[in-house]
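# My questions are about this predicted structure, shown below with the sequence.
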Amino acid sequence: MRFVPLLLLLTATAAHGQDYSRGEAMIEDYFRKQAAQIGNDKLNNWTKHEWERNRPELHRQLMEMLGLDPLPARTDLKPEITGKHEAAGYTVEKLTFQSFPGLYVTANFYLPRPLPKEKLPVVLYVCGHGNIVKKIDGTEVSFGSKVKYQHHPAWLAQHGYAALILDTLQLSEIPGIHHGTHRYGMWWWHTLGYTPAGIECWNGMRALDYLETRPEVDMKRVGLTGRSGGGAYSWYIAAADPRVQCIIPVAGIADLQAHLNEGYPGPLQKGVIAGHCDCMFLVNTYRWDFAKVAALCAPRPLLLGNSDKDPIFPVEGYRRLANQVKSIYAGYGKSENFQLLETKGAHVDTPELREGAFRWFNRWLKDEKGQIIEDKFTPVEPEDLKVLSRIPEAAINDRIHDYFIKPAIVDLPKSEQVMREWWPGQKAALHEALKSKVFRGWPGEPSKLNLKPAGDRTIDGVRLRSWDFTSEEGIELRLHLMTAGRTAKPTLVVLNALDEPDWATWCADLGPEFADMLRADPSIKRDDAKFKQNQRVMDRLGWAFAAVCPRGIGPTRWAAPGSPNDIQMRRRFALVGQTLDGQRVWDVRRGLSVLRAQPNLKGTPLWLQGKADMAGICLYAGLFEPDVARMDLWNPPTSHKEGPIFLNVRKYMEMPQALALAEKQQVRLYVRSADAAKEWDWPMQLQKAQGGKSLQIRVVGD
């Protein structure tokens, strides 16, 4: 007979309760432990020799985590000065250039007036989130963030500097997107290793390329600063590009512990990530704490500025980081090159921070150590700083995420003979990418399962046994095993990885008599006809059905799906080199370990089963668990852009290639239509060339 999964025999009749307290406590504890694990690699423990030996690879890792390894081509900047504005003591050139074909950067270039004959030290100012928008003739017009922060480059130009100030990607005259995961559900950014922080870094590097073309500029005296978002970009640009000689990030960094667990009273009341958009963060594949980014600036002069009551850059978060960075500077014998400027105040641009920054630039770029005086500043009108009269038709700023990092395209060789010769090497490369780039955030060594029986009950001929287990440190889950009451040793165990709808179905299948073991709503009602039908199936075939809810599903759900709390928790995973779906693969693997640990299941074949995104999660779990004899995958997405979301995966492969990797296991792929089946031609063609039969595709409709 055709196998019909138990989950598809029944219809859900009720959902479990909506108490999220257990899941909230679990995931908060998990991220505390993750921050501690990553934070254990303290720079205070590194010698100068160790740092220098590792520095080239650390730089490469940083560039990769920004989406800049390999670097994009340095295409023609196509700079255009669209106008000039004369002000008291300085001139502003209104400038645009293309850092990437179609990616327009709007900027203002400030020069002293009158212009000295000698070359000038130059400061690159990268803006934070401070866009100026005005309604003109009923239409909102964006002037960019460069208008809000103009007093910085104006002071510099009035005091003998050239200064180039850049708009951000999002808050520009041509708005782009910083809030992909934060606001728009673009979780697929993670599948490409894309972050707008990489765009901001690249724009800054290309701005330095432009400055090299300016005869007024002395490129041996280059400073870099910005506050808030601009503070974060200052770290990334300076760490990436050695042309910057003096760096002043203001209110732009804190350590991982602060981002995950402290400060900002946002969703779940923990973690300042809730107060930041995606542009602030690299994709943390290599599980860094942020002190490493700062330390890559050493031994160049570096001043870290922050206020002591800043809720999104908390004081302990930047102090802990500064203490680590100090040790690297001390190793170089350059302790005087690093200082922490801490002033009173909240997340505001205070005179004390500005004056401290100007003193630092004067000291290191002009060898001047006198007092700084800020005269009363008269801002220039936004209209006089605007670069573009209209948005260029070729602009791709609002969709640069579709162009900047391209997904891998793995083409099959046309000849079956070549295909057979090509596949072993390709397969090895894909496996290595999964281990080192996609699932690098898995535990290095599995923790103890810490198995604890959580119930054993037989009702009306159906026996349910449950075990609590540790998936990884901080993640406590429960696995259930259902058999016919008189089955002592099953002939087969099918492990179902449950998503939220299937969890509700599983609970309804079993009814209120098992609700306490399931941690389910006790008011659910059992469909007696379906219950008996499933009892007969298990009794006749000797099969057992197991179920596990990976983290964040069912009893460990920490928030309503799609709620602000849920979004903020999902965002945290990328900060520790993971994704939620990637760790759910680990949870399914650990569920298999629980089954293997049962004495009465020794030697019993194991199958895996899942639907939609959970089908993809089961597929990848099976790739790392070769003793899984068969996988039944129901309507998985064909592209990771839709799901499941794994870190960096589309740089290397898509779902059809993953399916091909399961060539040593039986795989049944169930799809809705013949057209849907054609989307899986890639692994079917490869299987045909190899003469295999392990993969079968079945059209079953809805």
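That came through fine.
# where are the low-confidence patches of this protein?
Applying pLDDT under 70 to the chain picks out residues 1-17, 263-270, 702.
# buried stuff in the host helix or strand of Gly317?
Gly317 is part of helix 315-331, with elements assigned from DSSP states H and E. Going by neighbour count (16 or more other Cβ atoms under 10 Å), the buried part of helix 315-331 is 315, 317-322, 324-329, 331. Backbone N, C-alpha and C define where each C-beta goes, glycine included.
# possible to save the residues you listed as JSON lines with distance to Gly252?
Formatted as JSON lines, the buried residues of helix 315-331 follow (distance: Cβ to Cβ, whole Å):
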{"residue": "Val315", "distance to Gly252": "14"}
{"residue": "Gly317", "distance to Gly252": "12"}
{"residue": "Tyr318", "distance to Gly252": "9"}
{"residue": "Arg319", "distance to Gly252": "15"}
{"residue": "Arg320", "distance to Gly252": "15"}
{"residue": "Leu321", "distance to Gly252": "11"}
{"residue": "Ala322", "distance to Gly252": "13"}
{"residue": "Gln324", "distance to Gly252": "16"}
{"residue": "Val325", "distance to Gly252": "14"}
{"residue": "Lys326", "distance to Gly252": "18"}
{"residue": "Ser327", "distance to Gly252": "21"}
{"residue": "Ile328", "distance to Gly252": "19"}
{"residue": "Tyr329", "distance to Gly252": "19"}
{"residue": "Gly331", "distance to Gly252": "24"}
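# any idea how far the closest residue to Asn635 other than its chain neighbours lies from Lys664?
Spatially, and ignoring its direct neighbours in sequence, Asn635 is nearest to Ala612 (5.7 Å; Cβ to Cβ, 6 or more residues apart in numbering). With distances defined as Cβ to Cβ, to the nearest Å, the gap from Ala612 to Lys664 amounts to 25 Å.
# who has more neighbours, those two?
Shown here are Ala612 and Lys664; by other Cβ atoms under 10 Å, Ala612 has more neighbours (18 against 12).
# my guess is that one contacts Asp499, does it?
Yes. With contact defined as Cβ atoms under 8 Å, Ala612 and Asp499 form a contacting pair (6.7 Å).
# Okay, and the residue nearest the centre of the chain sits in which element?
Per Cα atoms, centre = their mean, the C-alpha nearest to the average position across the chain is that of Ala574, at 3.3 Å. Per DSSP H and E: Ala574 is located in helix 564-575.
# Now do the next helix or strand after that helix: distance to the chain's middle.
Next along the chain after helix 564-575, taking DSSP H and E as the criterion, comes helix 580-596. Centroid separation for helix 580-596 versus its chain: 21 Å, with Cα atoms, centre = their mean, to the nearest Å.
# Could you list the buried residues of helix 580-596?
By neighbour count, and taking 16+ other Cβ under 10 Å as the criterion, the buried residues in helix 580-596 are 580-592, 594-595.
# and if you look at stretch 178-190?
The neighbour-count check on stretch 178-190 (16+ other Cβ under 10 Å) flags 178, 180-182, 186-190 as buried.
# Save those as TSV, and put in distance to Ala660 too.
As requested, the buried residues of stretch 178-190 are exported to TSV (distance: Cβ to Cβ, whole Å):
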residue	distance to Ala660
His178	37
Gly180	30
Thr181	29
His182	35
Met186	28
Trp187	25
Trp188	22
Trp189	26
His190	23
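# from the residues you listed, which single one is nearest Ile405?
Ile405 has its nearest neighbour among the buried residues of stretch 178-190 in Trp189, at 9.1 Å by Cβ to Cβ.
# OK, contacts around that closest one?
Under the criterion of Cβ atoms under 8 Å, 6 or more residues apart in numbering, the contact partners of Trp189 comprise 180-181, 195, 278, 401.
# Now for the residues you listed: which two are most distant?
By the measure Cβ to Cβ, Thr181 and His401 form the most distant pair in the contacts of Trp189, at 11.1 Å.
# Please identify which of the buried residues of helix 315-331 is nearest to Phe143.
For those, the minimum distance to Phe143 (Cβ to Cβ) is 30.8 Å, reached by Tyr318.
# got a list of what Leu595 touches?
With contact set as Cβ under 8 Å, 6+ apart, Leu595 has these partners: 479, 481, 493, 495, 546, 601, 606.
# which residues pair with the last one across the strands?
Counting by DSSP bridges, Leu606 is bridged to Val493, Val628.
# Quick check: end-to-end length of stretch 495-513?
Looking at stretch 495-513, the gap from its leading to its trailing residue is 22 Å under the measure Cα to Cα, to the nearest Å.
# what about that stretch, distance to the chain center?
In terms of Cα atoms, centre = their mean, the gap separating the centre of stretch 495-513 from the centre of its chain is 30 Å.
# try stretch 118-125
If you compare the mean C-alpha spot of stretch 118-125 with that of the full chain, they lie 35 Å apart, counting by Cα atoms, centre = their mean.
# outside of that stretch, which residues touch it?
Applying Cβ under 8 Å, 6+ apart, the contact partners of stretch 118-125 are 111-112, 149, 152-153, 156, 160-166, 204, 207-208, 211, 214-219, 221-226, 230, 237, 244, 361, 365-366.
# now those: which count as buried?
With neighbours counted by 16+ other Cβ under 10 Å, the contacts of stretch 118-125 contain buried members at 111-112, 149, 152-153, 156, 161-166, 204, 207-208, 211, 214, 216-217, 221-226, 230, 237, 244, 361, 365.
# Helices - which of those residues land there?
Per DSSP state H, helices hold the following members of those: 152-153, 156, 204, 207-208, 211, 230, 237, 361, 365.
# Dump stretch 634-643 to PDB, keeping only the CA atoms.
What follows is stretch 634-643 as a C-alpha-only set of coordinates in PDB (Å, rounded to 0.1, in the frame of the first residue of the first chain):
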ATOM      1  CA  TRP A 634       6.000  17.200   1.300                       C
ATOM      2  CA  ASN A 635       6.000  20.300  -0.900                       C
ATOM      3  CA  PRO A 636       9.300  21.800   0.100                       C
ATOM      4  CA  PRO A 637      10.200  25.200  -1.500                       C
ATOM      5  CA  THR A 638      12.500  24.900  -4.600                       C
ATOM      6  CA  SER A 639      14.500  28.000  -3.500                       C
ATOM      7  CA  HIS A 640      15.900  29.000  -0.200                       C
ATOM      8  CA  LYS A 641      14.700  32.500  -1.000                       C
ATOM      9  CA  GLU A 642      11.300  31.200   0.200                       C
ATOM     10  CA  GLY A 643      12.800  28.900   2.800                       C
END
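# Name the residues of that stretch that are buried.
Under 16+ other Cβ under 10 Å, the buried positions of stretch 634-643 are 634-638, 640-643.
# could you dump those residues to CSV with secondary structure and distance to Tyr90?
Putting the buried residues of stretch 634-643 into CSV (DSSP: H, G, I helix; E, B strand; the rest coil; distance: Cβ to Cβ, whole Å) gives the following:
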residue, secondary structure, distance to Tyr90
Trp634, strand, 66
Asn635, coil, 62
Pro636, coil, 60
Pro637, coil, 55
Thr638, coil, 56
His640, coil, 50
Lys641, coil, 47
Glu642, coil, 51
Gly643, coil, 52
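# which one of these is nearest Ser145?
For the buried residues of stretch 634-643, the residue nearest Ser145 by Cβ to Cβ is Lys641; the value is 30.5 Å.
# if I look at Lys94, how far off is Ala154?
In this structure, Lys94 and Ala154 are separated by 14 Å, where distance is defined by Cβ to Cβ.
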